[in-house]
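Asker: Please work out how this folds:
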Amino acid sequence: MRDDTPRAVTTICRALQEQIEHGLLPASGKLPAERRLSELFDTTRITLREALGQLEAQGLVYREERRGWFVSPARVAYNPSVRTHFHAMVAEQGRVPATEVLSARLMPANAQICQVLGLSGLSSVYQIRRARRIDGRLVLYVEHYLNPEYFPGILDFDLTRSLTELYASEYDIRYGRVRFDMVPTALHADAAAALKVATGSPALRITRVNRDQHGRLIDCDLEYWRHDAIHISVEVPE
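Answerer: Reported below is the predicted structural model:
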């Protein structure tokens with residue numbers, strides 16, 4: 001008789017965690033199908049999914065819509081105090097970054113963006129939506145909002161590249177003071193679709209409000225990271 005008690009969930013979690021820790025289930029590797037796992041542990045799909053959900057909350061496994069369950073790769077370190085950009089940060093840690101542009105347009109700024117960028121009502125902004133990968137895995141959905149006064153014609157450039165480098169090379173604009181706000185959140189529909197996960201999945205939202213070298217508010221970024229993709233690491237000097 002199958003054991004569908006909380007003890008079965010604990011047993012499954014411990015077994016999979018042990019396999020992951022000893023490298024028998026390699027990082028980024030796909031787990032067997034749920035049916036196969038439920039047969040292996042002689043339990044129901046409901047019990048198995050509860051166990052996988054607990055491991056997902058711990059950042060040990062993750063699920064992609066229509067693809068199945070995978071072992072989570074190592075997190076990348078994110079240090080907000082270091083001036084860098086996504087591609088450089090990821091590459092410096094021996095990983096492979098990639099960026100996909102989902103959309104780029106001039107649009108009316110909503111009230112929040114007007115307030116953040118110090119714009120008057122009914123102002124326009126450039127919105128650039130991008131999905132970003134590490135080693136082929138979707139980890140970050142980001143919405144960039146740019147004050148068009150400072151970036152005329154920017155939509156004509158290759159927006160898969162670093163905006164930091166594009167600002168410097170084409171507009172002689174460099175980041176000055178930056179404000180970060182970080183909060184745990186649940187992915188809204190657009191972010192979830194871009195990351196191929198269920199709406200409401202856990203995430204870390206990082207809001208960056210950027211000034212340039214002259215102190216002007218130039219843009220803001222709304223970053224939605226998979227909760228198991230990064231860890232925040234900041235060293236404060238003496």
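Asker: can you pull out the helices in the chain?
Answerer: 6-21, 34-40, 45-57, 86-92, 111-117, 163-171, 189-195 (DSSP state H).
Asker: Reformat those as CSV; add mean neighbour count.
Answerer: To be clear about C-beta, it is placed using only N, CA and C from the backbone, and glycine gets the same treatment. Output for the helices of the chain, formatted as CSV (neighbours: other CB atoms under 10 Å):
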stretch, mean neighbour count
helix 6-21, 15
helix 34-40, 14
helix 45-57, 17
helix 86-92, 17
helix 111-117, 15
helix 163-171, 16
helix 189-195, 19
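Asker: Out of those helices, the one nearest residue 156 is which?
Answerer: Closest approach to residue 156 among the helices of the chain is made by helix 163-171 (10.0 Å; CB to CB).
Asker: Okay, now the unreliable bits of this protein?
Answerer: 1-4 (pLDDT under 70).
Asker: all strands for it, in order.
Answerer: 61-64, 68-71, 76-78, 97-108, 124-134, 137-146, 175-186, 202-212, 217-226, 230-232 (DSSP state E).
Asker: just checking, what packs against the first one?
Answerer: Think strand 61-64. Packing partners of strand 61-64 (3 or more CB pairs under 8 Å, 6 or more residues apart in numbering; DSSP states H and E): helix 45-57, strand 68-71.
Asker: which residues are in contact with the longest one?
Answerer: By CB atoms under 8 Å, 6 or more residues apart in numbering, the residues outside helix 45-57 that reach it are 2, 4, 8-9, 12-13, 16-17, 34-35, 37-38, 41, 61-63, 69, 202, 228.
Asker: rerun at 7 Å
Answerer: Helix 45-57 is contacted by residues 4, 8-9, 12-13, 16-17, 34, 37-38, 41, 61-63, 69 when judged by CB atoms under 7 Å, 6 or more residues apart in numbering.
Asker: Export the helices of the chain as CSV, with columns for distance to residue 214.
Answerer: Output for the helices of the chain, formatted as CSV (distance: least, CB to CB, whole Å):
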stretch, distance to residue 214
helix 6-21, 49
helix 34-40, 55
helix 45-57, 44
helix 86-92, 24
helix 111-117, 15
helix 163-171, 12
helix 189-195, 32
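Asker: so which of these gets nearest residue 27?
Answerer: That would be, of the helices of the chain and by CB to CB, helix 6-21, which comes in at 8.2 Å.
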